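Visitor: here is a sequence together with a model predicted from it:
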Amino acid sequence: MAVKIISPGLSTTVQDLGRPGYYHLGIPLSGGMDRFALRAANMLVGNDESAAVLEAVFMGPEVEFTTAATVAVTGASLPPKLNGAELATWEAFPVRPGDRLSFGFLKSGARVYIAVSGGIDVPVTLGSRSTYTLGALGGHEGRALKAGDELPLGEGTGGKGTGGKGSLPEALRRQPGNPAELRMLPGLYWHRITAEAGKQFFADTWKVAPEADRIGYRFKGGTPLDFVPREQPFGAGSNPSNIVDACYPYGSIQVPGGTEPIVLHRDAVSGGGYMMLGCVISADMDLIGQLQPHSPARFTEVSMDQALAARHDRKAALARLRAHLGR
Amino acid sequence: MAQILSPLPGTFYRSASPDQPPFKADGDDVAVGDVIGLIEVMKSFHEVKSDVAGKNVQFVTDNEEPVMAGAVLADLS
């Protein structure tokens, strides 16, 4: 009852919905970068939505199954292949002992979620099976997977999946647009930049920097920020983008040196000395997880009411997915 | 004609560092497993190894050029 890693891809980790409740101690949320896709993968194979799956970025792993199971791949368009034959994403398929799952070239998006019926049964650490590689916590030995690793599977033989309905319709999936639109709520430090700089921040089209990862997504190619002059307070660094150390929320946008915004994501640090423009709203954080290097993105200002309405919309989309799969 | 494709999105480099010669010059032969360049993504560099053999390699992606996964890096004859 296991999944064997034949080759790990670029960086493949065990993730579930995350590890909330410890961020004040410096331990980040972790969990899937695109949790909608993660939930969908689990639903397709009949798992609880919070079961642990494999998250692979840009390049798929090759794995072998030692048991019969139901498998689904969601998220990016990274074509799965079972024993070399190409299959669809967002669709459940059966595997037999000895079958090998590999992947073709990435077509769009960035991350796939590979759910196996029963779930990946690594030990629960601080309430989650998610891997936090910087802290060597959770997942399989606290690290990205390597060739030769064997991951145990939990109980469960696979549920209804797509029930012969084929892959999930496009309308029930979610992919970033081109450019991606990231809605953000300006925050406590917005007053630190000039009104002109604020306008320009929303007017510019930014590009994902190649170093973007699970800790944070860096964007480049926009106009450097102009700060309102001030005498830096005691305890703040000398750069105008510095503040007296503060808590960093999930989704917060810091701009070190005023040049390249960084949106903190699932494996982020919890505090530091950079001012934050505000936060990308929770409804749009999944989209960031599907952005490739060099892909364009824009930030759009929203109010708290609009952010809450967007969160409500995402809950409704999840409800439609559950209804489609008869859950 | 065989092609060498990028396995990853990122930034393509033809040499190990700016003061080093390229892994392969245009016109070189390529054997299976030869390193033909690097892709930089997520703060690390990944070797691109050819899974095809051929002669007279011609690069179609420039040094330091952004690439998508599956992009043609070089042609072989």
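Guide: Yep, that arrived.
Visitor: other SSEs contacting the helix or strand containing A:Glu181?
Guide: A:Glu181 is part of strand A:180-186 when elements are defined by DSSP states H and E. Applying 3 or more CB pairs under 8 Å, 6 or more residues apart in numbering or on different chains; DSSP states H and E, one finds that strand A:180-186 contacts strand A:276-280, helix A:285-288, strand A:296-301, helix A:304-324. Glycine gets a C-beta too; all of them are placed from N, C-alpha and C.
Visitor: what's it in contact with?
Guide: Judged by CB atoms under 8 Å, 6 or more residues apart in numbering or on different chains, the contacts made with strand A:180-186 from elsewhere in the structure are A:198, A:253, A:263, A:277-281, A:283-284, A:287-288, A:291, A:295-304, A:306-307, A:310.
Visitor: need the buried ones from those selected in PyMOL.
Guide: To isolate in PyMOL the members of the contacts of strand A:180-186 that are buried, counting by 16 or more other CB atoms under 10 Å in any protein chain shown, one can use:
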select buried, chain A and resi 198+253+263+277+278+279+280+281+283+284+287+288+291+295+296+297+298+299+302+307+310
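Visitor: residues of chain B that sit close to chain A?
Guide: B:5, B:7-11, B:40-43, B:46, B:66, B:68-70 (CB under 8 Å from any CB of the partner chain).
Visitor: who wins for proximity to chain B among the helices and strands packed on strand A:180-186?
Guide: Ranking the helices and strands packed on strand A:180-186 by their distance to chain B (criterion: CB to the nearest CB) puts strand A:296-301 first, at 11.7 Å.
Visitor: now that closest one against helix A:304-324, angle please.
Guide: Per axes from the mean of the first three to the mean of the last three CA atoms, to 10 degrees, the angle that strand A:296-301 makes with helix A:304-324 is 120 degrees.
Visitor: pLDDT weak spots in the chain?
Guide: No chain specified, so I'll use chain A. Low-confidence regions of chain A, defined here as pLDDT under 70, cover residues A:157-166.
Visitor: flag every residue of it that's near chain B.
Guide: Applying CB under 8 Å from any CB, one finds that chain A approaches chain B through A:10-11, A:57-59, A:105-107, A:110, A:210-213, A:292-294.
Visitor: now for those residues: which two are most distant?
Guide: For those, the maximum inter-member distance is 22.7 Å, found between A:Lys107 and A:Glu211 (CB to CB).
Visitor: which one of the two is surrounded by more residues?
Guide: A direct count of neighbours by other CB atoms under 10 Å in any protein chain shown for A:Lys107 and A:Glu211 places A:Glu211 higher, at 20 against 13.
Visitor: grab the nearest non-local neighbour of the more buried one.
Guide: The shortest distance from A:Glu211 to any non-neighbouring residue, by CB to CB, 6 or more residues apart in numbering or on different chains, is to B:Lys43 (4.7 Å).
Visitor: hang on, the earlier thing: adjacent strands (with direction) for the strand holding A:Glu181?
Guide: Neighbouring strands of strand A:180-186 in its sheet, by DSSP bridges, are strand A:276-280 (antiparallel), strand A:296-301 (parallel).
Visitor: show me where the stretch 101-250 of chain A has strands.
Guide: If DSSP state E, counting those that start in this stretch is used as the criterion, the strands of the stretch 101-250 of chain A fall at A:108-116, A:150-152, A:180-186, A:206-208, A:216-220, A:242-247.
Visitor: can I get those strands in TSV including mean neighbour count?
Guide: Rendered in TSV, the data for the strands of the stretch 101-250 of chain A read as follows (neighbours: other CB atoms under 10 Å in any protein chain shown):
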stretch	mean neighbour count
strand A:108-116	26
strand A:150-152	15
strand A:180-186	19
strand A:206-208	21
strand A:216-220	21
strand A:242-247	15
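Visitor: pLDDT score assigned to the residue nearest to A:Leu106 when sequence neighbours are not counted?
Guide: For A:Leu106, the nearest residue in space outside its immediate sequence neighbours is B:Ala69; the separation is 3.7 Å by CB to CB, 6+ apart. With respect to pLDDT, B:Ala69 scores 92.
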